[in-house]
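Colleague: fold the following for me, if possible:
(one chain, ligands or ions: 2)
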Amino acid sequence: MIQSILSINSSDYFIRPENTVTIEMRDSQEDFIVHSHNFNEFVIVFSGNGLHHWNGIDYPITCGDLFYINAEDCHGYHSVNNLKLVNVLYKPNEFLIKKSIEKYVPLSYQPITSRHWKLPPSSLSTLTPIIEKMALECQKPDIPSIHLCEGLFLQLAIYIYRLRYQPDQAPISLLHQMDQLINCLNLSINTPFSLEKFAQEHQMSARSLQRLFKSKTGMTVMEYLQQLRLCQAALLLRSTSLSISEVAGQCGYEDSNYFSSVFHKKMKMTASAYRRCFLQKDKLR
Ligand code: RM4
Ligand code: NI
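Modeller: Numbers count the residues shown, from 1 in each chain. Ligands and ions are numbered 1, 2, ... in the order given. Coordinates of the predicted model:
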């Protein structure tokens, strides 16, 4: 089966071929079909939620998610809900300051695991002034503005480089309650999580945490955790031969019948049908 995907051209977004950086703000990113580009982009999620389909795998996304997308990658968004993000579009090979960007943004050949990061949600507002300056400069066609834009890109990339952490690791400093909660949820995919307990341990009120979380992400804490767990389960079903109850166990579900019913309800097919579907697809490849 030949899959035709949308291919996005730089001339639709960069004001001139000479421009190497441009910003696309998405105050409301709607569902967007799977596509590739002839430029790189990195995506910072500011708020809301959704699923980021990236090279065939769904990633649950919310505030603080950061993806470095290569030109040849295929990606799109679905099941979105008030998703706010910023796309930083760039052509790394055409940069004047080429040598230094390579240190701060992953190179194209780096594996997908080193191209998905998290930013502490409390740090996002510190990036906004640079992004806004870039958004203005990248609309100007003269060479000094193009270079200024590259300078701002480097600043942004370095700030991000300092702040970012891998989804399965703890960030260096957790400044805000929300940072701690998001981090704890990312580390609780395969272990039980209790908001009450978390709130007690961090001397916070569970109700106000829940309210804060909802306002930033558009989901309840448990909805987010369920999405993280189901996407992890889907990945294990298609990429390992673990039994369904082992998958359930590794995704924090002690009761595999309960896991099966949640999976069925959310993914609109049973776990074994899901697995079969991918076995078949892999055979066809
Ligand atoms: C779309 C979507 C795509 C991005 C373009 C520039 O809304 O976010 O991923 O490539 O904008
Ligand atoms: Ni894109």
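Colleague: element containing Val43?
Modeller: Here Val43 sits within strand 40-54, counting by DSSP states H and E.
Colleague: actually Leu66, not the one I wrote
Modeller: strand 65-69.
Colleague: that strand to strand 40-54, inter-axis angle?
Modeller: 110 degrees (axes from the mean of the first three to the mean of the last three Cα atoms, to 10 degrees).
Colleague: hmm, strand 65-69 in reach of ligand 1?
Modeller: No: Strand 65-69 stays clear of ligand 1 (Cβ under 6 Å from any ligand atom), getting no nearer than 7.3 Å. Bear in mind the C-beta positions are built from the backbone N, C-alpha and C, glycine included.
Colleague: who are the packing partners of that strand?
Modeller: Using 3 or more Cβ pairs under 8 Å, 6 or more residues apart in numbering; DSSP states H and E, the elements in contact with strand 65-69 are strand 40-54, strand 116-118.
Colleague: strands paired with the strand holding Val43, and their directions?
Modeller: strand 57-61 (antiparallel), strand 65-69 (antiparallel), strand 75-90 (antiparallel) (DSSP bridges).
Colleague: returning to what we had before: so how far is the strand holding Leu66 from its chain's centroid?
Modeller: Distance, stretch centre to chain centre, for strand 65-69: 5 Å (Cα atoms, centre = their mean, to the nearest Å).
Colleague: got it, and stretch 134-145?
Modeller: For stretch 134-145, the distance to the chain centre is 27 Å (Cα atoms, centre = their mean).
Colleague: of all the residues in that stretch, which ones are buried?
Modeller: 134-135, 137-138 (16 or more other Cβ atoms under 10 Å).
Colleague: pLDDT averaged over the strand holding Val43 - what is it?
Modeller: Averaged over strand 40-54, pLDDT sits at 98.
Colleague: hmm, it in reach of ligand 1?
Modeller: Yes: for strand 40-54, a contact with ligand 1 is found by Cβ under 6 Å from any ligand atom, at Glu41.
Colleague: ranges for the helices of this structure?
Modeller: In the chain, the segments counted as helices under DSSP state H are 98-104, 124-137, 143-163, 177-186, 195-201, 206-217, 221-239, 244-250, 256-267, 271-284.
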